[in-house]
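# no sequence for this one, just the structure:
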């Protein structure tokens with residue numbers, strides 16, 4: 001029988017996350033595996049330049065043997081996940097989103113354009129590997145960065161050095177909740193994946209380390225292919241948009257009319273700028289890799305002690321030097337323009353839908369009626385941020401990390417079987433405590449709902465009974 005607290009937290013979240021509420025209402029009764037079959041995407045036109053940009057980017061990181069077939073799949077369905085924060089794969093947030101993505105039966109790759117503009121001290125811990133300490137009931141961070149580095153962005157972080165790897169390997173030896181064989185298993189995994197990741201910066205390293213961890217934990221699953229969203233979009237802006245004065249995105253970036261349209265339609269919108277948050281189309285980076293916001297004054301951007309002209313040559317040079325990177329708004333305007341279909345989480349499905357609608361109106365106002373209609377048709381409701389990998393320890397349930405599954409030898413096939421028994425509604429409900437903390441401002445939070453445990457939800461919505469047979 002459903003507890004009143006589950007209904008209460010549902011209402012508190014759904015009133016703030018309208019698109020998530022609609023997805024829950026329309027598809028909640030479907031099993032997760034069945035829900036994934038409802039996702040909509042469209043093949044890309046043969047001349048779509050994003051395919052070529054992606055293939056070139058993947059070839060640099062993974063080699064041609066992976067890049068060519070991954071790009072070919074991408075061209076056939078235009079589908080990528082934009083849920084993850086770029087970093088070392090394995091946090092329960094992103095483990096579950098990619099497990100749900102992997103339920104799609106007609107793919108061999110999971111292309112993930114992950115956000116590298118987050119700092120190393122973000123709550124998703126992008127510079128760490130994580131596993132659960134069953135003795136204390138909490139996630140343990142195996143951090144590869146010192147505290148003084150953690151205010152910098154993943155986008156501009158230096159590489160993980162051998163001495164930092166050695167420190168993490170030594171820390172694993174001291175974990176009192178692991179058996180000796182488990183410690184050796186983890187250390188062997190890290191030594192193996194780091195040999196594959198000989199790159200000059202952390203962002204590139206994280207692509208390969210994450211790919212290799214997923215492949216080791218789930219050898220029979222579609223291959224996880226990480227690449228930073230900002231790098232791909234930045235290259236498109238630098239190499240295509242900045243060179244084409246007839247491109248509508250050129251007009252938005254480099255003309256008075258375009259700046260007026262951007263501010264008219266996106267000021268104050270979540271994921272954009274204005275109202276004391278966000279940055280005007282690009283973020284700036286200081287000498288320590290920390291990001292700062294830009295505001296537009298006339299034809300220039302100003303932020304902290306820096307200024308930058310909104311001119312093609314200056315923007316292209318700053319992108320090339322990694323002194324700036326495109327904001328979420330700019331990234332999604334590029335993806336929408338080129339008809340890329342994004343798989344999103346609870347926030348993205350709401351605010352990307354809003355950005356899409358406003359972009360379509362902007363394009364129509366700018367005389368780009370054909371592009372406006374194409375953007376308006378874009379699918380922004382493919383959702384993959386529920387729960388699937390849930391384990392039990394001494395009576396209590398917890399969201400598993402990739403390393404938890406690795407140490408317990410949980411297979412992808414078994415999780416796929418479980419996805420036929422868990423409904424989308426149950427999967428979303430298991431995420432509600434985390435979503436509540438993000439969606440509801442601190443001053444408005446209810447103490448009862450803040451204390452709502454995963455065990456209580458699983459008991460209330462019937463998922464505990466489903467998991468008992470797992």
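Received, thanks. None of the values given here were measured: they were computed from a predicted structure.
# mind listing what the spatially most central residue of the chain touches?
Centroid-nearest residue in the chain, with Cα atoms, centre = their mean: residue 84, separated by 1.8 Å. Counting by Cβ atoms under 8 Å, 6 or more residues apart in numbering, residue 84 touches 93, 94, 97, 98, 112, 114, 115, 226. For the C-beta atoms, the positions are set from N, CA and C on the backbone; glycine is no exception.
# hmm, try it at 6 Å
Shown in contact with residue 84 (Cβ atoms under 6 Å, 6 or more residues apart in numbering): 94, 112, 114.
# okay if I get these as CSV plus secondary structure, neighbour count and pLDDT?
Output for the contacts of residue 84, formatted as CSV (DSSP: H, G, I helix; E, B strand; the rest coil; neighbours: other Cβ atoms under 10 Å; pLDDT from 0 to 100):
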residue, secondary structure, neighbour count, pLDDT
94, helix, 27, 97
112, strand, 27, 98
114, strand, 26, 98
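# could you save those as CSV and add columns showing distance to residue 121?
Listed next are those as CSV, based on distance: Cβ to Cβ, whole Å:
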residue, distance to residue 121
94, 17
112, 22
114, 17
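# all strands in the stretch 351-470 of the chain, in order from the N-terminus.
382-383, 390-393, 396-399 (DSSP state E, counting those that start in this stretch).
# how about the stretch 1-150 of the chain?
79-81, 109-114, 128-133, 138-143.
# what comes into contact with the shortest one?
Same thing as strand 79-81. With Cβ under 6 Å, 6+ apart as the criterion, strand 79-81 contacts 41, 101, 111, 112, 113, 341, 343.
# rewinding a little: of the strands of the stretch 1-150 of the chain, which is nearest residue 4?
Nearest to residue 4 among these is strand 138-143; the distance by Cβ to Cβ comes to 28.2 Å.
# what's the angle between that closest one and strand 128-133?
150 degrees (axes from the mean of the first three to the mean of the last three Cα atoms, to 10 degrees).
# who's in contact with strand 138-143?
With contact meaning Cβ under 6 Å, 6+ apart, strand 138-143 is reached by 125, 127, 128, 129, 130, 131, 132, 133, 168.
# what is the nearest of these to residue 187?
For the contacts of strand 138-143, the nearest to residue 187 is residue 168 (9.0 Å; Cβ to Cβ).
# centre of the chain versus the helix or strand harbouring that closest one, how much separation?
Here residue 168 sits within helix 162-173, counting by DSSP states H and E. Offset of helix 162-173 from its chain centre (Cα atoms, centre = their mean, to the nearest Å): 27 Å.
# what angle sits between that helix and strand 128-133?
Using the same axes, to 10 degrees, helix 162-173 lies at 0 degrees relative to strand 128-133.
# give me the helices and strands touching the longest helix along the chain, please.
Across the chain, the longest stretch assigned as helix under DSSP state H is helix 346-365. For helix 346-365, the elements it packs on are helix 18-27, helix 256-266, helix 328-337, helix 369-376, judged by 3 or more Cβ pairs under 6 Å, 6 or more residues apart in numbering; DSSP states H and E.
# the same query, at a cut-off of 8 Å, please.
With contacts taken as 3 or more Cβ pairs under 8 Å, 6 or more residues apart in numbering; DSSP states H and E, helix 346-365 sits against helix 18-27, helix 256-266, helix 328-337, strand 341-344, helix 369-376, strand 382-383, helix 432-439.
# contacts for it, please.
By Cβ under 8 Å, 6+ apart, helix 346-365 touches 13, 17-20, 23, 82-83, 248, 261-262, 264-266, 269-272, 329, 332-333, 336, 342, 344, 369, 371-373, 375-376, 378, 380-383, 385, 431, 435, 438-439.
# ok so, going back, report the buried members of the contacts of strand 138-143.
125, 127, 128, 129, 130, 131, 132, 168 (16 or more other Cβ atoms under 10 Å).
# distance from the chain centre to stretch 125-141, please.
Remark: stretch 125-141 is offset 19 Å from the chain centroid, using Cα atoms, centre = their mean.
# cool, stretch 451-459 as well?
For stretch 451-459, the distance to the chain centre is 26 Å (Cα atoms, centre = their mean).
# what comes up buried for it?
In terms of neighbour count (16+ other Cβ under 10 Å), stretch 451-459 has its buried residues at 452, 454, 457, 458, 459.
# same check, this time on stretch 196-213
Buried residues in stretch 196-213 (16+ other Cβ under 10 Å): 197, 199, 202-213.
# next one: it to chain centre, how far?
17 Å.
# give me the contact list for the helix holding residue 168.
129, 142-146, 178, 183, 186-187, 190-191, 194.
# my guess is residue 86 meets residue 231, correct?
No: counting by Cβ atoms under 8 Å, residue 86 stays clear of residue 231, with 9.1 Å between them.
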